[in-house]
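Trainee: Using only what follows, build the 3D model:
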Amino acid sequence: MHKTFKMIVSIDAHFSMLRHTQSAGSLSHEAREAFLSALVAEGHAAWMDKGHRRCLVLWHRIQDWAEIIFHFVRDNGLEDSVMTVEELRTGVESQGTELHGMDRTVLMRALKLLENKGKLAIFKGSSTDDEGVKFSA
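Mentor: Residues are numbered from 1 along each chain as shown. Alright, predicted model coming up:
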């Protein structure tokens, strides 16, 4: 089963998500920006640059992913434990869950949100493969 966690959209590109299949036209630049801005306001997207040219469109809002992670930790008795980010994404514990195979960018944003709420601490390693997370009780 293939999962899509995010989609990066350029506001300047004519992308199929905003193309009407019954007509030859597509939404204007202003309409595309308004559509993406509404997704950002609802938490289902985030601008990737200050000029609002590229947008990260999300399957779940970052706060929803953070909640999924929090429940995963609690349900699996992982409070006060340490895992690498890669173990969380691809490890045995996450198999069969929404977290398994999760996009790293989305995962890191959700983990940073939980860190800001005091629910975990992120430890930097010498490479992205050995970044760690310590969950709080």
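Trainee: Ile69 is in contact with Lys112, isn't it?
Mentor: No. Ile69 lies out of contact with Lys112 (CB atoms under 8 Å); the separation is 11.2 Å. For the C-beta atoms, the positions are set from N, CA and C on the backbone; glycine is no exception.
Trainee: and these two? which has more neighbours close in?
Mentor: Between Ile69 and Lys112, Ile69 has the larger neighbour count (other CB atoms under 10 Å), namely 25 against 14.
Trainee: Please tell me how far that one sits from Lys124.
Mentor: Separation of Ile69 from Lys124 (CB to CB, to the nearest Å) stands at 19 Å.
Trainee: for Arg61, same thing?
Mentor: Per CB to CB, Arg61 is found 26 Å from Lys124.
Trainee: just His60 next, same as before
Mentor: Distance of His60 to Lys124, computed by CB to CB: 25 Å.
Trainee: who's more crowded, those two?
Mentor: Per other CB under 10 Å, whichever of His60 and Lys124 has more neighbours is His60, with 18 against 9.
Trainee: can I assume that one is in contact with Ile68?
Mentor: Yes. His60 is within contact range of Ile68, at 7.1 Å (criterion: CB under 8 Å).
Trainee: Next, Cys55: secondary structure please.
Mentor: With DSSP: H, G, I helix; E, B strand; the rest coil as the basis, Cys55 sits in strand.
Trainee: For Leu39, see how far away it is.
Mentor: Distance of Cys55 to Leu39, given as CB to CB: 7 Å.
Trainee: Can you show me the strands along this protein?
Mentor: Applying DSSP state E to the chain gives strands spanning 6-10, 45-47, 54-58, 82-84, 120-123, 132-135.
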